[in-house]
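S.K.: Predicted coordinates and the sequence they were generated for:
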Amino acid sequence: KQLTSVVAPSTLVTSLLFYFGYIGTRSRFDYFGVYLDMTDLSNQQLLLYGLEVIYVPAALGFLAVLAALTFHSGVRWLLDVRGSDTAILIIGPGAALVGILLIGRALLGIFNSGVYDREVPGTTPLALTLGSVAMAYGVWICARRARGVAADRAEHGGLIAWYDGATMAGLRRAGQICVGGLAIAGLFWSVHEFAWASGSARAYRDAVKLPKKPEVMLDTRERLTDISAVSAWVEESPLSPKEGAFRYRYTGLRLLLSSGGNLFLVPERWTTSGRTLVVPYDDSVRIQLIPKPGGSQG
């Protein structure tokens, strides 16, 4: 039982972190107009890309868990100490009230698209998660203290019998299932929103650093059509017969990704009108990588 209580939360946290990394990677490539399914990345590559975006949320998540455990330890201490009724009467109803307000805020975002579209990413789902947990926690504190008071007064017949009865036990289990479902759904929803925003922010930083990355000089046998639509920074020049079968050279490109037998190339100056160039990585092309002095790969 103790092992299950440890493994279940660990599995949930691990699943959330992997999901965060996957969504963040999707958002990162979507910024450059690339569908993640097109990249044909392996699970190992997806994992490595995902690791780049989970450090901060993982640290914040574990800090939040640590803070919650510390708070809960304090509440349990108050529940077991005589004379703590005043503190419990404040914490219990206060937590329940905060939970109700947060759930109300979540419902506002769910049913009002205008509020949802203008809010900070993750506000509505996080309010749903924290609200359901806070409300249930406040009810648990009040019920636990009421049962303790009844036990101290030797009222073993009425309140305790009702609280420990089969009907209330079934209601408590149903409530726990509902709260757990709402919390998990809100967590994955909020992780999706935060991860997408994090991936977009990462992609923006990548775009800013493109001029400092090694340049890709691309030689092709056939002329690439509509190359001007990729970016004004990409230049085409014909090659001399000395270059053999390669007839055209393209400069001003940077490598975004190499996967699935394709090169995903972007212009060195990325704009909202830019395009990602996808070329096969085979003997039909020749590439040269030209490092930038003092360039940053971060």
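M.R.: Okay, I see it. Numbering: from 1, shown residues only.

S.K.: all helices for the chain, in order.
M.R.: Assigned by DSSP state H, the chain shows helices spanning 2-30, 36-39, 43-80, 85-111, 113-118, 123-152, 159-163, 166-209.

S.K.: list the helices and strands the second one packs on?
M.R.: Pointing back at helix 36-39 there. Under the contact criterion of 3 or more CB pairs under 8 Å, 6 or more residues apart in numbering; DSSP states H and E, helix 36-39 touches helix 2-30. Yep, even glycine has a C-beta here, placed from its N, CA and C like the rest.

S.K.: same question, the fifth one
M.R.: Counting by 3+ CB pairs under 8 Å, 6+ apart, the packing neighbours recorded for helix 113-118 are helix 85-111.

S.K.: Run the angle between the helix it packs on and helix 166-209 for me.
M.R.: 60 degrees (axes from the mean of the first three to the mean of the last three CA atoms, to 10 degrees).

S.K.: now helix 85-111 against helix 123-152, angle please.
M.R.: Orientation check (the same axes, to 10 degrees): helix 85-111 against helix 123-152 gives 150 degrees.

S.K.: distance between helix 85-111 and the chain's centre?
M.R.: Here helix 85-111 is found 25 Å from its chain centre; the criterion is CA atoms, centre = their mean, to the nearest Å.

S.K.: same question, stretch 240-253
M.R.: With CA atoms, centre = their mean, you get 43 Å for stretch 240-253.

S.K.: Give the burial count for the closest residue to residue 145 other than its chain neighbours, as a bare number.
M.R.: Spatial nearest neighbour of residue 145, chain neighbours left out: residue 88 (4.7 Å); criterion: CB to CB, 6 or more residues apart in numbering. Using other CB atoms under 10 Å, residue 88 has 20 neighbouring residues.

S.K.: Would you agree residue 88 is in contact with residue 79?
M.R.: Yes - assessed by CB atoms under 8 Å, residue 88 is found in contact with residue 79 at 6.5 Å.

S.K.: Name the residues contacting each of those two.
M.R.: 141, 145 (CB atoms under 8 Å, 6 or more residues apart in numbering).

S.K.: Could you list the low-pLDDT ranges of the protein?
M.R.: Residue ranges of the chain with pLDDT under 70: 1-10, 12-13, 82-84, 86-87, 147-165, 168, 229-231, 293-298.

S.K.: how far away is residue 127 from residue 216?
M.R.: 45 Å (CB to CB, to the nearest Å).

S.K.: Give me the more crowded residue out of those two.
M.R.: For residue 127 versus residue 216, neighbours defined as other CB under 10 Å are more numerous around residue 127 (24 against 21).

S.K.: so what's that one up against?
M.R.: Residue 127 makes contacts with 102-103, 105-106, 109, 186, as judged by CB under 8 Å, 6+ apart.

S.K.: Skipping adjacent residues, who's closest to it in space?
M.R.: Nearest in space to residue 127, with sequence neighbours left out and distances taken as CB to CB, 6+ apart, is residue 106 at 4.1 Å.

S.K.: cool, residue 41 as well?
M.R.: Nearest residue to residue 41, sequence neighbours excluded (CB to CB, 6+ apart): residue 259, at 5.4 Å.

S.K.: same deal with residue 217?
M.R.: Residue nearest to residue 217 in three dimensions, not counting chain neighbours: residue 288, with 4.2 Å by CB to CB, 6+ apart.

S.K.: Over to residue 85?
M.R.: Distance criterion CB to CB, 6+ apart; nearest residue to residue 85, sequence neighbours excluded, is residue 145 at 7.1 Å.

S.K.: ok, that neighbour touching residue 79?
M.R.: Yes - Residue 145 lies in contact with residue 79 (CB under 8 Å); the separation is 6.1 Å.

S.K.: Spit out the residues that contact the two alike.
M.R.: Listed as contacting both residue 145 and residue 79 by CB under 8 Å, 6+ apart are residue 88.

S.K.: Filter the contacts of residue 127 down to the buried ones.
M.R.: 102-103, 105-106, 109, 186 (16 or more other CB atoms under 10 Å).

S.K.: Go through the helices of the chain and pick out the most buried.
M.R.: Counting by mean count of other CB atoms under 10 Å, helix 123-152 has the highest mean neighbour count of the helices of the chain, with a mean of 19.

S.K.: Hey, what's the angle from that one to helix 43-80? Just curious.
M.R.: 30 degrees.

S.K.: Could you give the separation of helix 123-152 from the chain centroid?
M.R.: Per CA atoms, centre = their mean, the centroid offset for helix 123-152 relative to its chain is 27 Å.
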